[in-house]
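[1] A predicted structure for the sequence below; I have some questions about it.
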Amino acid sequence: MQFYLAVFSAFTISLIACWIITRSHTLKRIGNVEPAENRWHNDITPGLGGVPIFLGVTCATLVAGSTDAVSGVVLLCAVPLLVLGLYDDIKPMQPRTKLLLQTLTALLFLVLVNSVGNDIFPKSIEPDSNYSVFYGFIFCTWVVGILNAFNLLDNMDGLAGGVALIASLTIAYLIADHETLYSLSFLYYLLAASLAGFLVLNKNPAKLFMGDTGSLWIGYLIAVGVLLLSSTTNFHFQDETIGSKNPFSFSMNWLLAPLLCTVPLSDTLMVMITRTLRGQPVSVGGKDHLSHRLVSIGFSEQSSVAFLWLIALIASALAIAIHQFNLVLWPVYLLVFFCMLVASIVCLVYRSEAHVV
């Protein structure tokens with residue numbers, strides 16, 4: 001009962017707070033997003049959607065009245081990114097400054113989570129280990145990359161919020177199998193519920209945007225969630241548990257992370273490659289994302305978003321199948337999925353490139 005009450009609270013608080021922003025003349029002007037040549041929307045829209053989502057998660061956590069140290073660290077380290085995003089929405093910052101602050105937050109999380117959970121990322125705890133330095137670099141690169149990928153994905157009504165909701169539900173479902181991180185799944189269920197409340201007003205035509213205020217810390221939560229899941233997963237193969245020291249298990253663990261972030265990773269990599277080939281700066285916004293390209297070849301905005309949601313659902317279903325069922329053919333499933341994905345993106349770029357230049 002307490003679980004359902006907390007989930008309902010997260011959804012309700014997020015929805016009401018989003019509605020208040022859209023109705024308040026003062027709040028609507030803070031961080032609002034004006035139409036521009038490189039943006040998709042046509043009307044001035046409030047951009048503080050990340051605040052209600054955060055309120056929904058934190059207030060529902062208080063309603064539940066119980067959380068563990070790891071969940072506390074995960075939520076605590078979201079606060080600097082919330083503040084960073086809010087400041088950037090009001091007064092845009094230099095990309096290098098944002099990147100530095102995001103990296104420092106990732107490092108802070110890594111230090112804090114290892115201090116409260118001795119079985120989290122165990123090898124990275126060893127201060128004199130070369131692996132520790134290498135892992136810290138990979139971890140920070142992943143977290144900063146994914147949170148910025150979600151920031152870039154926030155380019156069409158309902159897209160980033162829906163993809164984040166699917167990812168958070170999958171993380172919550174899979175991480176619940178781990179004894180020491182069971183309560184962390186509760187945090188991700190609350191995130192999904194809060195995102196659902198936000199999507200009520202973010203669906204097309206959106207009355208409220210997530211903004212950097214939301215995309216940065218939500219992207220961070222997804223990034224660390226999939227890494228925590230990957231670092232602590234034990235796979236079962238022919239009724240035998242494969243531990244984390246087995247190379248096969250290690251490769252399986254870390255494939256879950258990019259799989260659960262398929263849509264933001266695909267969108268970001270496609271944008272980076274195509275803009276580089278056109279000689280355009282990667283950091284400048286544009287109408288050349290996957291969602292925009294789908295619209296340019298005949299999809300409606302709603303069907304474009306729904307199609308990308310479907311890809312996220314397929315990736316999540318594949319992750320669940322690999323995690324919980326017989327793994328004999330997992331390389332075949334992944335190879336087919338990624339080959340079809342890459343071929344579809346290449347075809348989409350070829351058909352739509354003339355419309356985005």
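    Cool, the structure landed. Since the structure is predicted, the reported quantities are computational estimates derived from the model, not experimental observations.
[2] all contacts plus neighbour counts: C-alpha atoms, from now on.
    OK.
[3] Point out where the stretch 1-150 of the chain drops to low pLDDT.
    Within the stretch 1-150 of the chain, the ranges that satisfy pLDDT under 70 run 31-43, 66, 117-132.
[4] And the helices in it?
    Ranges of helices within the stretch 1-150 of the chain are 2-23, 25-29, 50-64, 69-76, 78-90, 95-116, 130-153, based on DSSP state H, counting those that start in this stretch.
[5] do the stretch 151-300 of the chain as well
    Secondary structure of the stretch 151-300 of the chain (DSSP H, counting those that start in this stretch): helices at 159-175, 182-202, 211-232, 247-260, 262-278, 290-296.
[6] Same list (the ones you listed) but as CSV, adding mean pLDDT, distance to Val305 and mean neighbour count.
    Formatted as CSV, the helices of the stretch 151-300 of the chain follow (pLDDT from 0 to 100; distance: least, C-alpha to C-alpha, whole Å; neighbours: other C-alpha atoms under 10 Å):
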stretch, mean pLDDT, distance to Val305, mean neighbour count
helix 159-175, 94, 6, 25
helix 182-202, 92, 12, 25
helix 211-232, 89, 17, 25
helix 247-260, 66, 17, 19
helix 262-278, 92, 11, 18
helix 290-296, 92, 7, 22
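[7] residue nearest the centroid of the chain?
    The chain has Gly219 as the residue nearest its centroid, 3.5 Å off, counting by C-alpha atoms, centre = their mean.
[8] For Val200, give me its contacts.
    Each residue near Val200 by C-alpha atoms under 8 Å, 6 or more residues apart in numbering is listed here: Leu15.
[9] What's the local residue count around Val79?
    Val79 has 14 neighbouring residues, counting by other C-alpha atoms under 10 Å.
[10] Could you measure from the residue lying closest to it once chain neighbours are set aside over to Leu147?
    Leaving aside its sequence neighbours, Val79 sits nearest to Trp217 (C-alpha to C-alpha, 6 or more residues apart in numbering; 7.5 Å). Trp217 sits 7 Å away from Leu147, going by C-alpha to C-alpha, to the nearest Å.
[11] Of all the residues in stretch 1-21, which ones are buried?
    6-15, 17-19, 21 (16 or more other C-alpha atoms under 10 Å).
[12] Pipe those into JSON lines and attach distance to Gly85 per row.
    Listed next are the buried residues of stretch 1-21 as JSON lines, based on distance: C-alpha to C-alpha, whole Å:
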{"residue": "Ala6", "distance to Gly85": "26"}
{"residue": "Val7", "distance to Gly85": "25"}
{"residue": "Phe8", "distance to Gly85": "26"}
{"residue": "Ser9", "distance to Gly85": "24"}
{"residue": "Ala10", "distance to Gly85": "21"}
{"residue": "Phe11", "distance to Gly85": "22"}
{"residue": "Thr12", "distance to Gly85": "23"}
{"residue": "Ile13", "distance to Gly85": "21"}
{"residue": "Ser14", "distance to Gly85": "18"}
{"residue": "Leu15", "distance to Gly85": "20"}
{"residue": "Ala17", "distance to Gly85": "18"}
{"residue": "Cys18", "distance to Gly85": "17"}
{"residue": "Trp19", "distance to Gly85": "20"}
{"residue": "Ile21", "distance to Gly85": "17"}
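[13] So which of those residues is the closest to Ser316?
    Ser316 has its nearest neighbour among the buried residues of stretch 1-21 in Val7, at 21.2 Å by C-alpha to C-alpha.
[14] What is the neighbour count of the residue lying closest to Lys203 once chain neighbours are set aside?
    Excluding the flanking residues, the one nearest Lys203 by C-alpha to C-alpha, 6+ apart is Gly158, at 4.9 Å. Other residues near Gly158 number 26, with proximity taken as other C-alpha under 10 Å.
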